[in-house]
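[1] Sequence and predicted structure are below.
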Amino acid sequence: MPSKQLKQRAANAFQDVCGYPATTFVQAPGRVNLIGEHTDYNDGFVMPCAIDYQAVIACAKRDDGVIRLISVDYDHVQDSFVVNQEIKPTEDKLWANYMRGVIHFLKEKGYSLGGADIAITGNVPLGSGLSSSAALEVVTGQAMKVLYELDVTQSDLALIGQASEHNFAGCKCGIMDQMISACGEKSHALLLDCRSLESKAVHIPESVSIMIVNSHVTHSLVDGAYNALREQCEEASRLLGKVALRDATLAELDASSIEKGSDVYKRAHHVISENERTVACADALIAGDLQKVGEYMYASHASMRDDFEITVPEIDYIVEVLAEALGNKGGARMTGGGFGGCCVALMPTEMVPQVQAAIEAKYQAKTGIKESIYICTPQNGAGVI
Ligand code: ADP
Ligand code: MG
């Protein structure tokens, strides 16, 4: 659904529920990560781009200090609280917690807020690794930024979104998703240094297409698995005597006391090698060498499958079909936190129809699940619409 329709849907819901028209409309995009998986919370490198799927808010100020959240996608269910009282997570409206947390942390950072009516909708597929949660957090911060003219940077909105996800949604995510949703650039991916938060825009020419294949396999307990992986990475960096795995080399890993082939070794091996691949892949993309880009993407997938152990058979099969169709003309890998979700492929634009046909012919026949395919172009980060 184009963003114009999303805006209209939010506007209509706002009018229906609140009985007056919204004054302000903002959006924040989902994202696809081209390479650099599970490196962000290890202070490493990632290379995502914002996509043309978004969270959209229609909103207006209230002068009574009440914040009312209206979920357009969940039958207009509402949540409300008073902005100047302590804001805590709710037990039953999990979607609202991502938003409550953002308001809480904006306040904690000293920003002065008032009440608001906020209708939220979106078309980022939920729980598919395209980060609908970060889009939800960032769009909430963006709405308050615009309504109350807050002097808050896009990077700080990202950090506030991450704090919300950690403390109100219980997922100890890195900073990638919120950063790209807040700071994305049209026609570019961002090579993001998750330690310094510095980024380098990497142009994606129109001759290169980004294909996302949604396996529609979702796993429960993903947050628990995610947090456990994060702990193994922290254990590895502690055993290596490093601040973060970003600071370690493969030679140091091999020379360390960490037993080769153990889970902690494999997790560290993925992260350290993935950091190297991500930086090298950005260079290859800048040089226009799609074959090299592809090699790094395939290697990234193998590392997620064998070392980080976060792929599932359906995802491995999609990458196999993509690789078969693409050969050395592009590349493919799983994208996102893992255990299902989406794969991403980069390819010459003229190859899109044949690659799409290969997936359509094979995935459902093999797995019994119908995939969704999205062709995306990199978009700007959050802002007014
Ligand atoms: P991902 O970020 O990969 O899409 P998550 O499990 O992290 O998956 O976040 C999905 C959750 O975010 C949903 O279950 C829902 O609670 C919330 N969410 C995301 N977008 C919306 C939206 N437009 N409206 C309401 N809730 C949303
Ligand atoms: Mg998420």
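    Arrived safely, thanks for sending. The structure displayed is predicted, hence computed values, not measured ones. Ligands and ions are numbered 1, 2, ... in the order given.
[2] Tell me, please, where in this structure the pLDDT is lower than the cut-off.
    For the chain, the stretches with pLDDT under 70 are 1-2, 220-222.
[3] again, 90 this time
    1-4, 127-129, 170-172, 218-227 (pLDDT under 90).
[4] Show me which residues of it sit near ligand 1.
    Residues of the chain lying close to ligand 1 by CB under 6 Å from any ligand atom are 55, 71, 73, 94-95, 98, 120-122, 126-133, 136. Using the backbone N, CA and C atoms, a C-beta is placed for each residue, glycine as well.
[5] Now, of those, which are buried?
    55, 71, 95, 98, 120-122, 127-133, 136 (16 or more other CB atoms under 10 Å).
[6] Filter those down to the ones in strands?
    55, 71, 120-122 (DSSP state E).
[7] And those residues, which is closest to ligand 1?
    G122 (3.1 Å; CB to the nearest ligand atom).
[8] Correct me if wrong: that closest one contacts K7.
    No: using CB atoms under 8 Å, G122 is not in contact with K7, being 11.4 Å away.
[9] show me where the stretch 151-300 of the chain has strands.
    188-193, 199-203, 208-214 (DSSP state E, counting those that start in this stretch).
[10] Which strands or helices does the last one pack on?
    Using 3 or more CB pairs under 8 Å, 6 or more residues apart in numbering; DSSP states H and E, the elements in contact with strand 208-214 are strand 48-62, helix 313-326, strand 342-348, helix 352-367, strand 372-376.
[11] for these, which one sits closest to Q232?
    Ranking these by proximity to Q232 (CB to CB) places helix 313-326 first, at 20.6 Å.
[12] May I have the beta-bridge partners of R31?
    R31 has these beta-bridge partners by DSSP bridges: A50.
[13] my guess is it meets Q178, correct?
    No: the pair R31 / Q178 is not scored as a contact, 9.4 Å apart, by CB under 8 Å.
[14] what is in contact with these two at once?
    A134 (CB atoms under 8 Å, 6 or more residues apart in numbering).
[15] where exactly do the helices run in the protein?
    3-18, 94-108, 132-147, 154-168, 176-183, 222-239, 250-255, 263-286, 290-306, 313-326, 352-367 (DSSP state H).
[16] Make a markdown table out of these and add distance to G338.
    A markdown table is the format used below for the helices of the chain (distance: least, CB to CB, whole Å):
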| stretch | distance to G338 |
| --- | --- |
| helix 3-18 | 28 |
| helix 94-108 | 20 |
| helix 132-147 | 15 |
| helix 154-168 | 17 |
| helix 176-183 | 14 |
| helix 222-239 | 8 |
| helix 250-255 | 21 |
| helix 263-286 | 11 |
| helix 290-306 | 7 |
| helix 313-326 | 8 |
| helix 352-367 | 17 |
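[17] Of the ones you listed, flag the one that's most buried.
    Highest mean neighbour count of the helices of the chain: helix 176-183, a mean of 30 (counted as mean count of other CB atoms under 10 Å).
[18] What would that helix look like as CSV? C-alpha coordinates only.
    The C-alpha trace of helix 176-183 is given here as CSV (Å, rounded to 0.1, in the frame of the first residue of the first chain):
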residue,chain,number,x,y,z
MET,A,176,20.7,-0.7,13.7
ASP,A,177,17.0,-0.8,13.2
GLN,A,178,16.2,2.5,14.9
MET,A,179,19.1,4.3,13.4
ILE,A,180,18.2,3.4,9.8
SER,A,181,14.5,4.1,10.4
ALA,A,182,15.4,7.5,11.8
CYS,A,183,18.3,8.5,9.5
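[19] before we move on, back to that, got the helices and strands packed on strand 208-214 as CSV, with distance to L106 columns?
    Below are these laid out as CSV (distance: least, CB to CB, whole Å):
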stretch, distance to L106
strand 48-62, 14
helix 313-326, 36
strand 342-348, 30
helix 352-367, 41
strand 372-376, 30
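[20] Tell me which of those lies nearest to S3.
    strand 48-62 (5.8 Å).
[21] quick one on the thing from earlier: how about the ones in strands among the buried ones among the residues of the chain next to ligand 1, which pair is most distant?
    Between all members of these, the farthest pair (by CB to CB) comes out as A55 and S71, at 11.2 Å.
[22] Give me the common contacts of these two.
    With CB under 8 Å, 6+ apart, A55 and S71 have common neighbours I120.
[23] picking that back up, so what sits against both of G122 and K7?
    V56.
[24] and G368, how many neighbours?
    8 (other CB atoms under 10 Å).
[25] quick one: it from ligand 1, how far?
    As judged by CB to the nearest ligand atom, to the nearest Å, G368 and ligand 1 stand 23 Å apart.
[26] can you pull the contacts of that residue?
    Contacts of G368 (CB under 8 Å, 6+ apart): none.
[27] ditto for E37
    Here E37 is in contact with 46, 274, 300, 304, 308, 310, 333-338 (criterion: CB under 8 Å, 6+ apart).
[28] 7 Å instead?
    Each residue near E37 by CB atoms under 7 Å, 6 or more residues apart in numbering is listed here: 274, 300, 304.
[29] re earlier: need the max-distance pair from the buried ones among the residues of the chain next to ligand 1.
    Pairwise across these, and taking CB to CB, the largest span is found between S71 and G129, at 21.7 Å.
[30] May I see the ones in strands among the buried ones among the residues of the chain next to ligand 1 arranged in TSV, with distance to E149 as well?
    Below are these laid out as TSV (distance: CB to CB, whole Å):
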residue	distance to E149
A55	21
S71	26
I120	21
T121	24
G122	25
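[31] for the closest residue to G129 other than its chain neighbours, what are its contacts?
    In this structure, G129 finds its nearest non-sequential neighbour in G336, 2.1 Å apart by CB to CB, 6 or more residues apart in numbering. Counting by CB under 7 Å, 6+ apart, G336 touches 33, 129-130, 342.
[32] Please apply the same query to H188.
    Contacts of H188 (CB under 7 Å, 6+ apart): 49, 201-204, 378.
[33] List only those of those residues flagged as buried.
    By 16+ other CB under 10 Å, these give 49, 201-202, 204, 378 as buried.
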